[in-house]
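A.B. asks: What follows is a predicted structure for the sequence shown.
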Amino acid sequence: MATASKIESQGRALLQWKATLETQELLNTWTSNTSPCNWTGITCRYNGHLMPTITMIQLASIGLEGKLETLNFFALPSVRLLDLRQNHLHGSIPAAISALSKLTAIALSDNNLTGIIPSELGNLTRLNLLWLSQNQLSGSIPPTLGNLTNLQSLRLSTNKLSGTIPLEVCVLVKLRRLSISRNFLVGSIPHEIGYLVNLNILHLSSNSFTGSIPQILGNLTQLVSLFLYDNQISGSIPLTFGNLTHLVNLYLSENQISGSIPTSFGNLMALKEVELFENKLSGSIPPPLGSLKGLTHLGLFNNYLSGTVPDELVNLTNLIDLQLENNSLSGNLPQDLAKGRLLKYLALGYNNFQGLVPISLKNSTNLVRVRLERNRFTGDISQSFGVHPLLNYIDLSFNRLIGTLSPSWEHVSI
């Protein structure tokens with residue numbers, strides 16, 4: 001009888017929570033006439049001849065409205081997974097959630113939760129996944145999260161968190177994903193993040209981080225995605241980034257990074273997207289970038305780059321988006337710059353380019369936007385452009401071009 005009453009008490013706790021929700025109709029299978037194990041979103045575990053116990057609550061993306069504070073967590077000691085993502089939950093995350101001592105995953109992302117991240121979450125030492133992103137959580141990141149030594153994925157992005165990154169987080173050596181973008185965090189990026197050698201994804205963008213990028217980040221050789229954009233980071237790009245040979249996405253844009261683009265980027269053969277725009281980078285575009293044959297996006301605009309566009313860039317035949325505008329680049333462009341024919345967005349305006357517009361653009365039928373304004377291009381534009389059915393904007397102003405526009409461009413903003 002004791003085991004039977006256990007599942008019944010768990011069911012009663014969930015029914016009491018349902019009664020406080022504004023969207024009770026979404027849980028119409030939750031009734032006292034049926035076993036909780038048959039309810040929507042509920043999974044039970046059976047231990048041989050014993051009665052079942054609830055181990056999973058999975059109610060993601062069903063439109064729930066209500067509060068977590070009204071759920072009696074103490075009645076659900078065997079729950080291992082709590083997934084309430086993409087609902088309309090409001091109120092705070094109660095400290096009592098730490099009563100779920102067997103939890104391995106909490107997913108509360110994309111709700112309307114407010115208040116602080118309770119320090120008691122640090123008691124849930126079995127957690128390997130903690131997703132709290134896209135809420136309105138405030139306060140600091142609790143240092144007690146450093147107790148979660150089994151954690152593999154920590155997502156706190158898109159909240160209102162403030163303060164610095166606690167060094168305690170940097171001991172979570174099993175982390176594969178650390179996402180704390182789009183908050184109000186300050187201070188420098190801790191040197192100790194370089195100890196998280198299993199990281200695949202590090203997203204720190206859209207905060208107010210200052211100081212330089214730690215050289216030790218070059219130790220994170222498993223990184224696939226590194227987002228540091230939209231901060232106040234200064235200093236140069238670490239030469240050690242040449243060690244990040246698994247990197248696919250590198251976003252360092254909208255900072256105050258100076259110095260040159262490391263030639264060691266040519267080692268990063270997995271790169272597909274490189275966004276370094278709106279910084280203070282100087283020097284030339286390194287020819288080894290032409291080795292990155294998988295590159296689809298290269299954004300270097302709004303910097304202080306000079307010199308010519310290296311001929312090696314013609315090897316980037318998978319480029320979709322090439323943006324070099326508003327630098328001090330000069331000379332003739334490689335005529336085969338667009339030979340891959342995949343180019344959609346080309347922005348070269350506000351430089352000192354001269355000579356002919358690349359003839360390879362003529363066969364680039366995927367072009368959508370082209371900006372070549374305020375250079376010193378010469379020649380007949382009818383020789384450089386052809387039929388571009390997707391083109392919706394082109395700016396060739398303030399050059400020395402001649403020729404007539406194609407009649408097929410009558411729908412294009414010029």
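C.D. replies: Arrived safely, thanks for sending. Numbering: from 1, shown residues only.

A.B. asks: From here on, just use CA atoms for contacts and neighbour counts.
C.D. replies: Noted.

A.B. asks: ok, the residue nearest the centre of the chain - contacts?
C.D. replies: When Cα atoms, centre = their mean is applied to the chain, the residue found nearest the centroid is His203 (5.8 Å). His203 sits next to Leu178, Ser179, Ile180, Ser181, Ser225, Leu226, Phe227, Leu228 when contact means Cα atoms under 8 Å, 6 or more residues apart in numbering.

A.B. asks: mind redoing it with 7 Å?
C.D. replies: With contact set as Cα atoms under 7 Å, 6 or more residues apart in numbering, His203 has these partners: Leu178, Ser179, Ile180, Ser181, Leu226, Phe227, Leu228.

A.B. asks: how much space between it and Val79?
C.D. replies: From His203 across to Val79, the span is 30 Å (Cα to Cα, to the nearest Å).

A.B. asks: Which other helices and strands does the host helix or strand of Leu250 contact?
C.D. replies: Using DSSP states H and E, Leu250 sits in strand 249-251. Applying 3 or more Cα pairs under 7 Å, 6 or more residues apart in numbering; DSSP states H and E, one finds that strand 249-251 contacts strand 225-227, strand 273-275.

A.B. asks: Would you format those strands as CSV with mean pLDDT, distance to Asn243 and mean neighbour count included?
C.D. replies: Compiled in CSV, the helices and strands packed on strand 249-251 are given as follows (pLDDT from 0 to 100; distance: least, Cα to Cα, whole Å; neighbours: other Cα atoms under 10 Å):
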stretch, mean pLDDT, distance to Asn243, mean neighbour count
strand 225-227, 99, 13, 20
strand 273-275, 99, 16, 20
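
A.B. asks: if we compare these, which one ends up closest to Asn38?
C.D. replies: strand 225-227 (40.5 Å; Cα to Cα).

A.B. asks: So in terms of bridging, what pairs with the residue nearest to the centre of the chain?
C.D. replies: Ser179, Phe227 (DSSP bridges).

A.B. asks: can you pull out the strands in the stretch 301-414 of the chain?
C.D. replies: 304-307, 321-323, 328-332, 345-347, 352-356, 369-371, 376-380, 393-395, 400-402 (DSSP state E, counting those that start in this stretch).

A.B. asks: partner strands of the second one, parallel or antiparallel?
C.D. replies: With DSSP bridges as the test, strand 321-323 is paired with strand 297-299 (parallel), strand 345-347 (parallel).

A.B. asks: can I get those in JSON lines with distance to Asp83, mean neighbour count and mean pLDDT?
C.D. replies: Listed next are these as JSON lines, based on distance: least, Cα to Cα, whole Å; neighbours: other Cα atoms under 10 Å; pLDDT from 0 to 100:
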{"stretch": "strand 297-299", "distance to Asp83": "35", "mean neighbour count": "20", "mean pLDDT": "99"}
{"stretch": "strand 345-347", "distance to Asp83": "40", "mean neighbour count": "20", "mean pLDDT": "98"}
